[in-house]
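K.L.:
Okay, structure incoming, though there's no sequence with it:
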C-alpha cells in the first residue's frame, strides 16, 4: 500500500501505485499518476497531466507539472512525463509541454538532477544525465543521454545537446552542441572531446582516438562544415562497428542541426 502523510493533499482521481511515499505537506493533483517506489519527501507539488515512473526520489519544494511559462499557452491538455530511478533535488521546476511542440515535456531514466534546476516546456531530456545546481533549460531544448551540464549552465530555447557532452560551470549554450564534445564559457565554445567521461563509460582508447580525429576535422582544420562532413564520412567508412557508430551519431547530429552547431 502507499504511505501518505496525513498533512499531504492528494486529489480524487490521482493514480498512486502501491509502495509510493508522499511526505508531509505534498500536493498531488487529480490528473497525476505515480508508479511504485517513488518517494515525494515533503512539500512537493505535482500538477497537471503528469506521469512519474518507478523508484524516483523527489526532494522538498519541487514543482512538477505546472503550466508552461509561455504566453501562448491557453490551457491545452499537455503533459509532463518523468521516467524511473531519477533523483530530483530541492526546488526544481519541470513544466508541462505546449501545443506548439509535441505537447509533452519528457525527462528520462536514471538522471541526477540537482537543486534549482528548471526544465521548461517541451524539453526532451535523455537518460543518465547530470544537471548541476541551477542549470536552466529554456523551452524546446533537447539533451542527449549521459550529458553533464555544470552548475549555472543556461541553454537557449530550441538548442539540441548531443549525447556524452560535458559543459563547464556557468556555460551559456546558444547553438547546438554535437555529441562527445567538452565545452565551456559564455558564450560557450568547444574545447575538445569529453575523453574522461567516455573512458568512464567504457569507450576504448581506439574509439576515443577516432573521436579526437573527428573533432580536429570538425573544429581545427579550417574546413567548411560541408567539407568536414565529407571527410568524416570517409573516416566512418574505414572504421569498424563501434567507432563507425560513433561517427554516424556525430554526422547525423551535425547534418540535422536546425540552429547550427557550436563552432568558432
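P.N.:
Happy to help now that I have it. These numbers were taken from a predicted model, which means no experiment stands behind them.
K.L.:
Kindly state the domain boundaries assigned to the chain.
P.N.:
3-140, 198-256 (automatic domain parsing).
K.L.:
isn't residue 247 right next to residue 214, touching?
P.N.:
Yes: counting by Cβ atoms under 8 Å, residue 214 is a contact partner of residue 247 at 6.0 Å. (Each C-beta comes from the backbone N, C-alpha and C, glycine too.)
K.L.:
who touches both of those two?
P.N.:
Here residue 247 and residue 214 share the contacting residues 232, 235, scored by Cβ atoms under 8 Å, 6 or more residues apart in numbering.
K.L.:
all helices for the stretch 101-250 of the chain, in order.
P.N.:
Here the stretch 101-250 of the chain has its helices, by DSSP state H, counting those that start in this stretch, at 195-200, 205-219, 225-237, 241-256.
K.L.:
and those helices as a markdown table, adding distance to residue 104, mean neighbour count and mean pLDDT?
P.N.:
Shown next, in a markdown table, are these (distance: least, Cβ to Cβ, whole Å; neighbours: other Cβ atoms under 10 Å; pLDDT from 0 to 100):
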| stretch | distance to residue 104 | mean neighbour count | mean pLDDT |
| --- | --- | --- | --- |
| helix 195-200 | 28 | 15 | 98 |
| helix 205-219 | 32 | 18 | 97 |
| helix 225-237 | 32 | 15 | 94 |
| helix 241-256 | 20 | 17 | 95 |
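K.L.:
Among these, which comes closest to residue 142?
P.N.:
helix 241-256 (10.3 Å; Cβ to Cβ).
K.L.:
got the angle between the closest one and helix 225-237?
P.N.:
Angle between the axes of helix 241-256 and helix 225-237 is 160 degrees (criterion: axes from the mean of the first three to the mean of the last three Cα atoms, to 10 degrees).
K.L.:
Now do helix 241-256: which elements does it pack against?
P.N.:
helix 205-219, helix 225-237 (3 or more Cβ pairs under 8 Å, 6 or more residues apart in numbering; DSSP states H and E).
K.L.:
ok, back up a step: need the helices of the stretch 101-250 of the chain in JSON lines with distance to residue 169, can you?
P.N.:
Output for these, formatted as JSON lines (distance: least, Cβ to Cβ, whole Å):
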{"stretch": "helix 195-200", "distance to residue 169": "16"}
{"stretch": "helix 205-219", "distance to residue 169": "22"}
{"stretch": "helix 225-237", "distance to residue 169": "29"}
{"stretch": "helix 241-256", "distance to residue 169": "24"}
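K.L.:
Let's check: the centremost residue of this structure is which one?
P.N.:
Centroid check for the chain by Cα atoms, centre = their mean gives residue 125 as the closest residue, at 2.9 Å.
K.L.:
quick one: it and residue 180, what's the gap?
P.N.:
18 Å (Cβ to Cβ, to the nearest Å).
K.L.:
Same check on residue 22?
P.N.:
Distance from residue 22 to residue 180, by Cβ to Cβ: 40 Å.
K.L.:
same thing with residue 134?
P.N.:
25 Å.
K.L.:
Next up, phi/psi of residue 168, please.
P.N.:
Residue 168 adopts backbone torsions of phi -80, psi 170, taken as degrees, to the nearest 10.
K.L.:
Which residues are in contact with the nearest residue in space to it that is not next to it in sequence?
P.N.:
The spatially closest residue to residue 168, leaving aside those adjacent along the chain, is residue 184, at 3.1 Å (Cβ to Cβ, 6 or more residues apart in numbering). Taking Cβ under 8 Å, 6+ apart, we find residue 184 in contact with 150, 167-171, 191.
K.L.:
So which of these is the closest to residue 71?
P.N.:
The closest of the contacts of residue 184, once distances to residue 71 are taken by Cβ to Cβ, is residue 171, at 27.4 Å.
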